[in-house]
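>>> Prediction below, plus the sequence it came from.
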Amino acid sequence: MITTLRAHRHAFNAGAALLCFAMFGYALYAQFQLGLEPCPLCIFQRVAVVCLGLAFVVAALVPDRFKGLGWVATGLIALVAAGGAAIAGRHVYIQSLPADKVPACGSPLDYMFDVFPVMEVVRKVLTGSGECAKIDWTFLGLSMPACVLILVLVLGTTGVLVNRR
């Protein structure tokens with residue numbers, strides 16, 4: 001199967017990019033139409049999914065004759081997918097904690113960016129907070145961060161296998 005996908009590398013990358021942008025579109029739909037307010041970790045996952053989509057766009061645009069650029073695109077896919085999986089995995093972990101172990105709710109993300117340096121905001125967000133533990137959406141028994149984790153891992157792994165030269 002990977003050999004077949006590798007033969008259609010550009011189409012696979014374009015399709016993977018579209019899937020990433022569709023995931024982001026659904027997140028916006030869930031926020032604005034379903035009324036699900038995103039927590040800071042959800043927002044970071046959105047950024048990771050969009051960046052993964054952009055990495056697939058880069059991979060789709062690299063001509064087959066430029067092997068070096070192909071390796072760069074493959075590395076970019078691997079790096080962004082690993083980061084997205086780490087963020088989604090952290091979110092799933094926080095959601096699995098017992099109620100008495102959940103971190104206290106934090107400040108809104110826009111307030112933190114106004115008050116703290118960027119790296120401190122990233123550290124605080126990745127630590128998680130109480131609103132990150134709330135599960136208000138499921139699909140097949142999986143929370144939204146669990147679905148993101150699975151999709152990012154599948155897309156990232158497949159993307160690396162398809163694009164490696």
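Received it, and whenever you're ready, just let me know what you need.
>>> where's the nearest residue to Gly156 once chain neighbours are set aside, which helix or strand?
Leaving aside its sequence neighbours, Gly156 sits nearest to Ala81 (C-beta to C-beta, 6 or more residues apart in numbering; 2.4 Å). Yep, even glycine has a C-beta here, placed from its N, CA and C like the rest. Element membership for Ala81, per DSSP states H and E: helix 67-96.
>>> I'd like to know which elements that helix is packed against.
Using 3 or more C-beta pairs under 8 Å, 6 or more residues apart in numbering; DSSP states H and E as the contact definition, the elements that helix 67-96 packs against are helix 40-61, helix 144-163.
>>> what about that helix, average pLDDT?
In this model, helix 67-96 carries a mean pLDDT of 91.
>>> That one vs helix 144-163, what angle?
Put simply, helix 67-96 runs at 160 degrees to helix 144-163, going by axes from the mean of the first three to the mean of the last three C-alpha atoms, to 10 degrees.
>>> buried sites along helix 67-96?
70, 73-74, 76-78, 80-81, 83-85, 87-92, 94-95 (16 or more other C-beta atoms under 10 Å).
>>> do the same with stretch 41-53
Neighbour counts over stretch 41-53 (16+ other C-beta under 10 Å) mark Leu41, Cys42, Ile43, Phe44, Gln45, Arg46, Ala48, Val49, Val50, Cys51, Leu52, Gly53 as buried.
>>> Many thanks, have a good one.
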